[in-house]
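In: Sequence first, then the predicted structure:
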Amino acid sequence: MKNSYSNIFNFNKKILKKTINNLNNGDVVGLPTETVYGLGGNAYSKKSIKKIYSLKGRPKSNPLIIHYYNIAEAVNDVEINDIFIKLYKKFCPGPITFILKRKINSKIQSIACANLKTVAIRFPKHKIIRSLLKNISFPLAMPSANKSTNVSPVTARDVFEEFKKKLNLILDGGMSKIGIESTVIDLTSEPKILRPGIVDKNILEKTLRKKIKNNIKSKKILSPGMIKKHYSPGIPVKINQTKHDGKSAFIYFGSKYKKRKNFFCLSKKSNLNEAASNLYKILRKTKKMGYKKIQISKIPNTDTGIAINDRIKRASKF
Ligand code: TXA
Ligand code: MG
């Protein structure tokens, strides 16, 4: 059924068919996942990949994540290893992305991987994206559905705000439960976390029964997308704030402050996963409400707090 946004659709069999037709024709569509909404296209089609880069205004040097229904479909494109299998069994489908070596005869468009010898793969959990992946014969290249450097979208309307009518179709899958992007782990040599997420270092170390190296700040950019300027709501963001300046939107964690007009709480219960799920929603909302600046109080730097701090630090670089 159509709603007030003529390119946002609720999911049903007819719309599934329409989405598949669009993708088969090399079109790019807005899709829900459990982390954030994505801009999906056929990973084996050059036309689709080019469209994704141009819609996002994304530098060609920044590779895309390739999304699969399950491991059986990914093995043709990437070299798998034991560590990957362990993590796959424990966390997939779910909010984790693996960097693996690309197979020589892989059908993934090399421009989707910025011509690297590696590929980022993920198996998303959201029901809608899973039924779509199950019914197509190619994986989906799918970055977050925002213009390059903007905040990632967590609702179909957020996607609409980013691209308006430039997309023929946006599937509405409700609000993304996790609310921040997947953990990215490089498994091409000793495991390294390239982007923190809710699957955090502790749980990864426990699962693998080995220490995971901190992502040593080498001069070489390991994950090209991890450029400092990112996740910007479009207004200045100040982090580690202790005092409200009287006019900005003040975002905080826990119950330390009393809720006032300009105050926005990430999680009253001091739950870091809940805070992550509210983060992008609140960043977008404050901008929309007309605030000229955002202040964010200190967020504990443990568990999912590490991922939250990573995102807000980048948001503050503008
Ligand atoms: O949760 C998510 O991962 C979302 C949803 C839509 O699945 N997708 C997402 O994609 O966040 P994107 O394009 O916004 O972020 C992908 C990240 C970037 O930091 C990119 O540089 C990194 O993954 N990446 C992709 N391929 C890589 C590779 N071969 N080596 C290292 N990093 C890679
Ligand atoms: Mg992104």
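Out: Structure's in. What do you need? Residues are numbered from 1 along each chain as shown. Ligands and ions are numbered 1, 2, ... in the order given.
In: Residue 281 sits in which helix or strand?
Out: Using DSSP states H and E, residue 281 maps to helix 272-288.
In: Give me the buried positions along that helix.
Out: 272-284, 286-287 (16 or more other CB atoms under 10 Å). Heads up, the C-betas are built off the backbone N, CA and C, glycines and all.
In: Return the residues of the chain in contact with ligand 1.
Out: Residues of the chain lying close to ligand 1 (CB under 6 Å from any ligand atom) are 33, 35-36, 38, 62-65, 97, 99, 113, 116, 118-120, 122, 124, 142-144, 181-182, 184, 194-195, 223-226.
In: Which members of those residues occur in strands, if any?
Out: Under the assignment DSSP state E, the residues of the chain next to ligand 1 contribute 38, 65, 97, 99, 118, 119, 120, 122, 184, 194, 195 to strands.
In: Pull out the buried members of these.
Out: Here, 16+ other CB under 10 Å leaves 38, 65, 97, 99, 118, 119, 120, 122, 184, 194, 195 buried among these.
In: now stretch 246-255, how far from the centre of its chain.
Out: Remark: stretch 246-255 is offset 25 Å from the chain centroid, using CA atoms, centre = their mean, to the nearest Å.
In: One more: stretch 303-311?
Out: Relative to its chain's centre, stretch 303-311 lies at 14 Å (CA atoms, centre = their mean).
In: State the mean pLDDT of that stretch.
Out: Computed over stretch 303-311, the mean pLDDT rounds to 97.
In: Outside of it itself, list whatever touches it.
Out: With contact meaning CB atoms under 8 Å, 6 or more residues apart in numbering, stretch 303-311 is reached by 180, 183, 195-198, 200-202, 230-231, 239, 266, 272-273, 275-276, 279, 299, 301.
In: Stretch 88-97 too?
Out: With contact meaning CB under 8 Å, 6+ apart, stretch 88-97 is reached by 34-35, 65, 70-71, 87, 98, 120-125, 130, 178, 181-185, 195, 197-199, 207.
In: ok, 6 Å please
Out: 35, 65, 71, 120, 122-125, 178, 182-184, 197-199, 207 (CB atoms under 6 Å, 6 or more residues apart in numbering).
In: Specify which member of the buried ones among the ones in strands among the residues of the chain next to ligand 1 is nearest to residue 169.
Out: residue 38 (13.0 Å; CB to CB).
In: And that closest one, how far from residue 263?
Out: Residue 38 sits 32 Å away from residue 263 when distances are taken as CB to CB, to the nearest Å.
In: And for residue 285?
Out: Residue 285 sits 13 Å away from residue 263, going by CB to CB.
In: list the contacts for residue 181?
Out: Each residue near residue 181 by CB under 6 Å, 6+ apart is listed here: 35, 36.
In: remind me which residues of this protein are low pLDDT?
Out: Applying pLDDT under 70 to the chain flags residues 1-4, 214-229.
In: Need the outlier residue of it, farthest from its centre.
Out: When distances are taken from the C-alpha mean of the chain, residue 246 lies farthest, 32.7 Å away, according to CA atoms, centre = their mean.
In: just the buried members of the contacts of stretch 303-311?
Out: Listed as buried from the contacts of stretch 303-311 are 180, 183, 195-198, 200-201, 230-231, 239, 266, 272-273, 275-276, 279, 299; burial here means 16+ other CB under 10 Å.
In: For residue 121, list the residues it contacts.
Out: Applying CB under 6 Å, 6+ apart, the residues contacting residue 121 are 66, 74, 78, 98.
In: Need the max-distance pair from these.
Out: Maximum pairwise distance in the contacts of residue 121, criterion CB to CB, is 10.3 Å, between 66 and 98.
In: neighbour count winner among the two?
Out: Shown here are residue 66 and residue 98; by other CB atoms under 10 Å, residue 98 has more neighbours (29 against 26).
In: roughly how far apart are that one and residue 122?
Out: 7 Å.
In: now do residue 301
Out: Distance check for residue 301 against residue 122: by CB to CB, it reads 25 Å.
In: And for residue 76?
Out: 16 Å.
In: export the buried ones among the ones in strands among the residues of the chain next to ligand 1 to JSON lines and tack on distance to residue 83?
Out: Shown next, in JSON lines, are those (distance: CB to CB, whole Å):
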{"residue": "38", "distance to residue 83": "25"}
{"residue": "65", "distance to residue 83": "18"}
{"residue": "97", "distance to residue 83": "14"}
{"residue": "99", "distance to residue 83": "12"}
{"residue": "118", "distance to residue 83": "15"}
{"residue": "119", "distance to residue 83": "16"}
{"residue": "120", "distance to residue 83": "15"}
{"residue": "122", "distance to residue 83": "16"}
{"residue": "184", "distance to residue 83": "15"}
{"residue": "194", "distance to residue 83": "15"}
{"residue": "195", "distance to residue 83": "17"}
